[in-house]
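Q: here's my sequence, what's the structure:
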Amino acid sequence: MFVPCLKSPLRSIPIAVSLIASLVIASQASGAAPVRVGDFALIDSAGEFHQLSRYGDKEALVLMAFDASCDSMQRQVDQFQALEAAWQDKGIAFGIINAGSDADVESLQNAQQRAALELPFMLDNSQLVTRTLGLTKAGEVTVLDPARLTSVYSGGLASVEASIAAKLAGEDTGPSADVTGCDLTFPALDAIAAATPDYATEVAPIVIEQCASCHREGGIGPFALDSHLMLQGWSPMIREVLLTKRMPPMQVDPAIGHFSNDRALSSDEIQKLIGWIDAGAPRGAAAIDPLAVVEFPDRKAWQLGEPDYIIKAPAMEIPATGVLDYIDIDVELPFTEDKWVKSVQFIAGDESVLHHLLTYVTAPDEAFEGGEADTTSVARRFLEGYAPGKVDAMTFPEDTGVFIPAGHKLSMQFHYTTNGKATVDETVLGLYMYDEPPTYENFTRSVAANFRIPAYAKDHEVKAAYTFQEDVVVTGLRAHMHFRGKDMKFTAQFPDGRLQDLLSVPNYSYAWQPTYELEEAMELPAGTKVHVTGSFDNSEYNPANPDPSKELRFGLQSWDEMFIGYWTYHAAEPTNQ
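A: This next block holds a predicted model:
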């Protein structure tokens with residue numbers, strides 16, 4: 001879909017949102033029925049992902065608005081954390097949402113330490129969640145029903161316990177208490193409300209840059225954003241997927257690492273898009289609709305000229321409907337002498353159904369099924385991968401390449417998604433070779449683990465590690481789990497004991513498994529131990545889980561599970577002298 005996060009390395013009001021906030025406050029002041037607030041997600045200062053709907057095992061999620069600039073904040077924090085201690089064993093979850101307009105990293109870190117915050121400190125740098133929840137003062141509390149995505153109470157601390165007790169008893173929460181905290185300010189959102197972003201000059205350019213390459217006719221996106229009318233029609237869903245961080249698909253923790261293929265939107269861009277949607281998604285006065293006239297490069301053209309060798313994958317018949325498991329095939333290569341690959345380009349036969357494709361160089365008798373057949377650490381020759389929106393030819397870093405020994409073959413893993421129309425995919429792959437061997441050979445090492453995931457386990461932790469015996473330079477990282485995958489983090493432990501996080505995927509999705517390309521390669525000296533840590537959600541509250549009653553172990557099929565962190569690297573010392 002919509003490929004437009006919070007950019008913090010830490011972790012007039014739009015009419016529609018203002019109306020929601022007013023209804024929440026007014027209706028709950030009179031003890032009226034709960035008001036729907038919708039789903040949302042935030043990352044906290046520790047890099048953990050929080051989504052309202054994923055709290056389905058809790059009776060309620062209670063959030064308090066925090067603003068470090070408010071003098072009365074410490075007293076309110078102390079009272080709120082005391083509430084959590086009294087109610088945490090009764091199925092009530094608590095958290096603090098940073099609702100202030102100051103998103104300065106150092107200020108937030110200092111404020112968190114001064115306030116001795118022990119609860120999850122959720123970062124709302126765009127302030128969009130705060131405003132959608134109708135929070136107007138520091139110290140204001142909202143009691144949310146995760147099952148119904150509603151707010152059952154919004155007000156001061158004095159009536160929170162009564163509200164929680166009423167919620168547990170299935171009764172109305174009663175009137176809210178006055179809030180005595182400082183007023184929250186929303187300078188960026190108020191400015192957007194006062195001057196609605198212009199569709200042609202402010203909104204459409206964001207969509208063209210971040211979304212339209214997938215959401216176009218023939219693209220992998222389920223609908224085309226090729227006009228103002230289409231964008232306006234899908235705007236409620238766009239608002240939802242932005243607030244829940246479902247899109248963009250590369251949802252890494254922005255506090256950890258920087259990646260050249262990161263397609264995240266800035267807080268400013270998200271504010272503009274949602275502000276425009278909340279204002280009714282107006283067309284504006286421009287005579288020409290930018291989305292209607294945007295032109296895309298020819299997806300079928302070789303960008304680097306005719307390849308040295310073209311691989312034609314077998315034709316794949318894709319049905320109109322259904323969920324397809326991965327398809328693994330081997331393609332024989334005719335090379336009678338060693339080859340070194342410099343650049344690669346994929347041309348999808350039908351990119352509306354080809355979700356991703358991974359390619360590995362494998363030995364003649366090697367059986368490779370797209371994932372490690374066991375949990376030992378293995379270094380492989382990973383050629384390259386195709387993913388939605390990735391249409392440019394890829395050239396390996398200077399003086400590095402993938403080695404294809406004479407007689408080896410190409411193992412390819414295809415993942416297709418059906419779109420209501422039966423089709424045939426015939427993808428081709430172009431290889432551009434070095435005339436002379438490069439200095440360094442690229443490898444991808446799997447770091448995997450054994451595990452047993454109990455039925456209905458919501459947060460089952462798994463970890464794996466590997467120690468490099470030589471100096472290496474890491475250039476890319478990829479997380480791989482299946483439907484129950486929840487999160488994964490990559491960490492380097494240097495020989496002196498120092499730890500450095502390289503990548504965190506706090507909201508893992510089986511549907512999106514890109515290799516995150518480091519903006520700056522990371523040198524790891526010999527003896528560096530790399531850690532891959534993560535967790536699985538095998539509960540019924542995981543919307544992707546096909547069967548929470550199943551105990552899971554390592555397996556190659558999608559309904560089984562895997563836990564593999566892939567490290568792409570080359571030796572620090574020259575491979576070829």
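Q: domain map for the protein?
A: 15-188, 196-293, 297-438, 441-577 (automatic domain parsing).
Q: next one: the second one to chain centre, how far?
A: How far domain 196-293 lies from its chain's middle: 16 Å, per CA atoms, centre = their mean, to the nearest Å.
Q: mean confidence score for it?
A: Averaging pLDDT along domain 196-293 yields 92.
Q: go on, the first one?
A: Throughout domain 15-188, pLDDT has a mean value of 85.
Q: gap between the residue most central in space within the chain and K342?
A: Nearest residue to the geometric centre of the chain (CA atoms, centre = their mean): Q251, 2.0 Å. Going from Q251 to K342 by CB to CB, to the nearest Å gives 32 Å. The way it works is simple: take the backbone N, C-alpha and C, and place the C-beta from them, glycine included.
Q: which SS state does the residue at the greatest distance from the centre of the chain fall under?
A: Residue farthest from the centre of the chain, counting by CA atoms, centre = their mean, is T336 at 42.6 Å. On the three-state scheme (DSSP: H, G, I helix; E, B strand; the rest coil), T336 is labelled coil.
Q: can you get me a residue count around the closest residue in space to it that isn't next to it in sequence?
A: Among residues not flanking T336 along the chain, A406 sits closest, at 5.7 Å (CB to CB, 6 or more residues apart in numbering). Look at A406: counted by other CB atoms under 10 Å, it has 11 neighbours.
Q: thinking A406 is in contact with W340, fair?
A: No. Assessed by CB atoms under 8 Å, A406 is found out of contact with W340, at 11.9 Å.
Q: for the residue nearest to the residue nearest to the centre of the chain when sequence neighbours are not counted, the count of nearby residues, please.
A: Closest residue to Q251 apart from its sequence neighbours, by CB to CB, 6+ apart: N507 at 4.9 Å. Residues contacting N507 under the criterion other CB under 10 Å number 21.
Q: in a helix, E209, correct?
A: Yes. According to three-state DSSP, E209 belongs to a helix.
Q: next, count neighbours for it.
A: 14.
Q: which residues touch it?
A: The contact partners of E209, by CB atoms under 8 Å, 6 or more residues apart in numbering, come to none.
Q: repeat for E161
A: By CB under 8 Å, 6+ apart, the residues touching E161 are L83, A86, W87.
Q: state whether the residue nearest to T336 is indeed within a helix.
A: No. Under three-state DSSP, A406 falls outside any helix and is assigned coil.
Q: from E171, how far off is it?
A: With CB to CB as the criterion, A406 and E171 are 76 Å apart.
Q: one more: E551?
A: 39 Å.
Q: who does S446 bridge with?
A: On the basis of DSSP bridges, S446 is bridged to V378, Y566.
Q: for it, what are its contacts?
A: Contacts of S446 by CB under 8 Å, 6+ apart are E372, S377, V378, A379, R380, I564, G565, Y566.
Q: could you pull out the strands for the stretch 101-250 of the chain?
A: Using DSSP state E, counting those that start in this stretch, the strands of the stretch 101-250 of the chain run over 121-123, 141-145, 150-155.
Q: can you list the strands that the shortest one pairs with?
A: The pairing partners recorded for strand 121-123 under DSSP bridges are strand 41-44 (antiparallel), strand 92-98 (parallel).
Q: of the ones you listed, which is nearest T439?
A: Proximity of the strands paired with strand 121-123 to T439 was assessed by CB to CB; the nearest stretch is strand 41-44, lying at 39.4 Å.
Q: pull the CA atoms of the closest one into CSV?
A: Only the C-alpha atoms of strand 41-44 are listed here, as CSV (Å, rounded to 0.1, in the frame of the first residue of the first chain):
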residue,chain,number,x,y,z
ALA,A,41,0.4,2.6,17.5
LEU,A,42,3.4,4.2,19.2
ILE,A,43,7.0,3.3,19.9
ASP,A,44,8.2,3.9,23.4
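Q: can you name every helix or strand that whichever helix or strand comes after that strand contacts?
A: Downstream of strand 41-44, the next assigned helix or strand under DSSP states H and E is strand 49-51. When contacts are defined as 3 or more CB pairs under 8 Å, 6 or more residues apart in numbering; DSSP states H and E, strand 49-51 sits against strand 41-44.
Q: hmm, who's touching the strand it packs on?
A: With CB under 8 Å, 6+ apart as the test, strand 41-44 has contacts from 5-6, 11, 49-52, 95, 97, 120-124, 129, 243-245, 253, 506-507.
Q: how about 7 Å then?
A: 6, 11, 49-51, 97, 120-124, 129, 244-245, 253, 506 (CB atoms under 7 Å, 6 or more residues apart in numbering).
Q: quick one: closest of the strands paired with strand 121-123 to H480.
A: strand 41-44 (21.4 Å).
Q: so what's G181 closest to, chain neighbours aside?
A: For G181, ignoring the flanking residues on the chain, the nearest one in space by CB to CB, 6+ apart is G139 at 3.3 Å.
Q: start to end distance for stretch 120-127?
A: 17 Å (CA to CA, to the nearest Å).
Q: same question but for stretch 113-130, I mixed them up
A: 22 Å.
Q: list the buried ones in it?
A: 115, 117, 119-130 (16 or more other CB atoms under 10 Å).
Q: how about residues contacting stretch 299-318?
A: So stretch 299-318 is contacted by 327, 329, 331, 343, 345, 347, 351, 353, 391-393, 410, 412, 414, 416, 418, 422-433 (CB under 7 Å, 6+ apart).
Q: keeping just the C-alphas, turn it into PDB.
A: Extracted C-alpha coordinates of stretch 299-318, given in PDB (Å, rounded to 0.1, in the frame of the first residue of the first chain):
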ATOM      1  CA  ARG A 299       9.800  -1.300 -15.600                       C
ATOM      2  CA  LYS A 300      10.700  -3.600 -18.500                       C
ATOM      3  CA  ALA A 301      13.900  -1.700 -19.600                       C
ATOM      4  CA  TRP A 302      17.400  -2.600 -18.600                       C
ATOM      5  CA  GLN A 303      18.700   0.400 -16.800                       C
ATOM      6  CA  LEU A 304      22.400  -0.400 -17.100                       C
ATOM      7  CA  GLY A 305      22.200  -1.600 -20.700                       C
ATOM      8  CA  GLU A 306      22.000  -5.200 -21.900                       C
ATOM      9  CA  PRO A 307      23.100  -7.500 -19.100                       C
ATOM     10  CA  ASP A 308      26.000  -9.900 -19.500                       C
ATOM     11  CA  TYR A 309      23.600 -12.800 -18.700                       C
ATOM     12  CA  ILE A 310      19.800 -13.000 -18.400                       C
ATOM     13  CA  ILE A 311      18.100 -15.600 -16.300                       C
ATOM     14  CA  LYS A 312      14.500 -16.400 -17.100                       C
ATOM     15  CA  ALA A 313      12.600 -17.900 -14.200                       C
ATOM     16  CA  PRO A 314      10.000 -20.600 -15.000                       C
ATOM     17  CA  ALA A 315       6.500 -19.300 -15.700                       C
ATOM     18  CA  MET A 316       4.400 -19.300 -12.500                       C
ATOM     19  CA  GLU A 317       0.600 -19.700 -12.700                       C
ATOM     20  CA  ILE A 318      -0.900 -17.600 -10.000                       C
END
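Q: before we move on, back to that, can you redo the buried residues of stretch 113-130 as a markdown table with distance to A158?
A: Shown next, in a markdown table, are the buried residues of stretch 113-130 (distance: CB to CB, whole Å):
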| residue | distance to A158 |
| --- | --- |
| A115 | 20 |
| L117 | 21 |
| L119 | 19 |
| P120 | 23 |
| F121 | 23 |
| M122 | 23 |
| L123 | 27 |
| D124 | 24 |
| N125 | 30 |
| S126 | 30 |
| Q127 | 25 |
| L128 | 28 |
| V129 | 24 |
| T130 | 21 |
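Q: OK, contacts around C182?
A: D67, C70, S72, K137, A138.
Q: same thing with Y566?
A: T444, S446, L477, R478, H480.
Q: the helix or strand encompassing the third one pairs with which strands?
A: The reference is to L477. Using DSSP H and E, L477 sits in strand 472-480. According to DSSP bridges, strand 472-480 forms sheet pairs with strand 516-524 (antiparallel), strand 564-571 (antiparallel).
Q: so how far is the first one from its chain's centroid?
A: Averaged C-alpha coordinates place strand 516-524 at 19 Å from its chain's average position (CA atoms, centre = their mean).
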